[in-house]
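Peer 1: Quick one: sequence plus predicted model below, questions after.
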Amino acid sequence: MFEEHLQHLAERLARDLHRSVIIDDAALRPLAVSPQTGRLDPSRVEAVLQRGTSARLRRRLTEHGVFAAHEPVPIPGDPGRAILPRLCLPLRDGDQLLGFLWLIDEPALTAGQIAQAQAAAAQAAHLMAQRVIRADGQFAVLSDLADGLLDDREEVRQEAAAMLAGQEALTGPPPWAVAVIRLAGPAGPEPASGRGRTTGAAATLRRAAANLRRSAIVSCFLGAVAIAVSAVLGHPLMGVFGCIGLALGAGNNWMLQRSVIEYGNNAATGRVKFRRGVMGRLSAVTIVAIGIGLLVRPDGLGVFAGLALFQILMLVGAAVPIFRSLRPS
């Protein structure tokens, strides 16, 4: 159903603009391709036939900033290689890059045509965001059922197999098969249960986001208490700076989670870029904290207390579910 809706959207826009349309995912793999009308170039033909984008073209698009863009990006042509100019419309759900809508920009698109393309891109982004939500839920269900296949109890394995066979993700062409591999060796005795062996990436991200929300809510309460206590002790600014430290810790963790999602979804985000982002944010938070601590002494030291307290809240929030899962039932 998703593919049909996206294909219909691409074909309708192609008819209206009298030029071909391609909708890619975030890794530049075509999801919907309209009939090729209007002017074409070797890059467009290659994308359609190879169902992907060459490394050379990917580098060129990276140089033009399409992977970080939130607005339409014009890509100039290259007459020496017979490459026509393009208009790239990023498809996003907030900060998450979902894909791209591509148009040949020759003859040049009018302002009205660009507005029409932006409206179609918004519809495509909505469809793709809904697919991501459904895929996350489906992955979590399949992960739990795959855990059931590893259980020592025969009735649990049979029930998990029956439910797994009925999942929508495993129906239709091509034929699907599920292989469950249990490694045997001298590594030690097998756990009594196979629960928890399969970890869903989507579930992990949801747990991390929930932990951040809980820590932020607790931080609001602790910040108010800190201001009240420090005011009684004659240092109200120390409580205020403690709240700033809590906010810096929450903001840094939120941006880290967004960076992890971007790293997983965006093929152009390499490890070096990811590490630089993490170190850059940590450096910025450290500089701000040290600056406040030196300029506003002694109350500015509350920033460090706030940062440390937020990290403790995050660690406790992550550790408690693990301890609960290890507790015998």
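Peer 2: Happy to help now that I have it. In this text, all values refer to a predicted model and were calculated from it rather than measured experimentally.
Peer 1: When you work out contacts or count neighbours from here on, use the C-alpha atoms and nothing else.
Peer 2: Fine.
Peer 1: now the helices: where do they sit in the chain?
Peer 2: For the chain, applying DSSP state H gives helices covering 2-17, 42-50, 55-63, 111-149, 154-165, 201-232, 236-265, 271-295, 302-326.
Peer 1: Report the helix or strand with the lowest average pLDDT across this protein.
Peer 2: helix 42-50 (a mean of 69; mean pLDDT, DSSP states H and E).
Peer 1: now the closest residue to P85 other than its chain neighbours: how far from P35?
Peer 2: Residue nearest to P85 in three dimensions, not counting chain neighbours: G77, with 3.9 Å by CA to CA, 6 or more residues apart in numbering. Plainly put, G77 is 22 Å away from P35 if you go by CA to CA, to the nearest Å.
Peer 1: For stretch 22-41, list the C-alpha coordinates in PDB.
Peer 2: Extracted C-alpha coordinates of stretch 22-41, given in PDB (Å, rounded to 0.1, in the frame of the first residue of the first chain):
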ATOM      1  CA  ILE A  22      12.200  10.000  -8.600                       C
ATOM      2  CA  ILE A  23      11.600   9.600  -4.900                       C
ATOM      3  CA  ASP A  24      14.600   8.000  -3.000                       C
ATOM      4  CA  ASP A  25      15.100   6.800   0.500                       C
ATOM      5  CA  ALA A  26      17.800   8.400   2.700                       C
ATOM      6  CA  ALA A  27      20.400   6.000   1.200                       C
ATOM      7  CA  LEU A  28      19.500   7.300  -2.300                       C
ATOM      8  CA  ARG A  29      17.800   4.000  -3.300                       C
ATOM      9  CA  PRO A  30      14.700   4.700  -5.600                       C
ATOM     10  CA  LEU A  31      11.400   4.000  -4.000                       C
ATOM     11  CA  ALA A  32       9.100   5.500  -6.700                       C
ATOM     12  CA  VAL A  33      10.000   6.300 -10.300                       C
ATOM     13  CA  SER A  34       7.600   8.000 -12.700                       C
ATOM     14  CA  PRO A  35       7.700   7.300 -16.400                       C
ATOM     15  CA  GLN A  36      10.800   9.000 -17.800                       C
ATOM     16  CA  THR A  37       9.400  12.000 -19.700                       C
ATOM     17  CA  GLY A  38      11.100  15.300 -20.700                       C
ATOM     18  CA  ARG A  39      14.800  15.700 -20.700                       C
ATOM     19  CA  LEU A  40      17.100  12.900 -19.300                       C
ATOM     20  CA  ASP A  41      20.800  12.600 -18.700                       C
END
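Peer 1: buried ones in that stretch?
Peer 2: Buried residues in stretch 22-41, counting neighbours by 16 or more other CA atoms under 10 Å, are found at 22-34, 36, 40.
Peer 1: of these, closest to A68?
Peer 2: A26 (11.0 Å; CA to CA).
Peer 1: The closest one and D93 touch, don't they?
Peer 2: No. A26 is not in contact with D93 according to CA atoms under 8 Å; the separation is 11.9 Å.
Peer 1: mean pLDDT lowest for which of the helices of the chain?
Peer 2: When the helices of the chain are compared on mean pLDDT, helix 42-50 scores lowest, with a mean of 69.
Peer 1: Q113 and A122, how far apart?
Peer 2: Distance of Q113 to A122, given as CA to CA: 14 Å.
Peer 1: Neighbour count for the two, which is higher?
Peer 2: Shown here are Q113 and A122; by other CA atoms under 10 Å, A122 has more neighbours (18 against 14).
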